[in-house]
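A.B. asks: Provided below for reference: sequence and predicted model.
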Amino acid sequence: MVIGLLRIEIYIESSRSLKDKRKIIKSLIQKLKSKFANLSVSEVELLNNWKKSIIAIVTVSNEITYINSVIDKVLNFIKEGNNYQVVDTEIELLNY
């Protein structure tokens, strides 16, 4: 079993409040969940920062090539967003 973890830091320049940020982040999370099967997605850090967010995305499979493919597609999809910037990414693969 392989667990793939993608941690993404996002900067939202247009955000003027937590409400603005949460609207953008919730929309992104919903799009990810509807576009990609077998993902768990959550905002995990910087919850009270109205300009930045850290999102964790996790998927599980028995094939590392599948995990890499999913993570690449998810990352490309997120980078296509136009109302935020991807500041940092971190990928971790765990084998069990």
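C.D. replies: Arrived safely, thanks for sending. Numbers count the residues shown, from 1 in each chain.

A.B. asks: for the residue most central in space within the chain, give the beta-bridge partners.
C.D. replies: The structure's the chain has its C-alpha centroid closest to I55; by Cα atoms, centre = their mean the separation is 4.5 Å. Here I55 sits in beta bridges with I8, E43, going by DSSP bridges.

A.B. asks: contacts only, for it.
C.D. replies: R7, I8, I10, I25, L28, I29, V41, S42, E43, V44 (Cβ atoms under 8 Å, 6 or more residues apart in numbering). C-beta: built from backbone N, CA, C; applies to glycine.

A.B. asks: how about 10 Å then?
C.D. replies: Residues in contact with I55, defined by Cβ atoms under 10 Å, 6 or more residues apart in numbering, are 6-10, 25, 28-29, 32, 41-46, 78, 86.

A.B. asks: please apply the same query to F36.
C.D. replies: I57, T59, V70, K73, V74, F77.

A.B. asks: cheers, nothing more for now.
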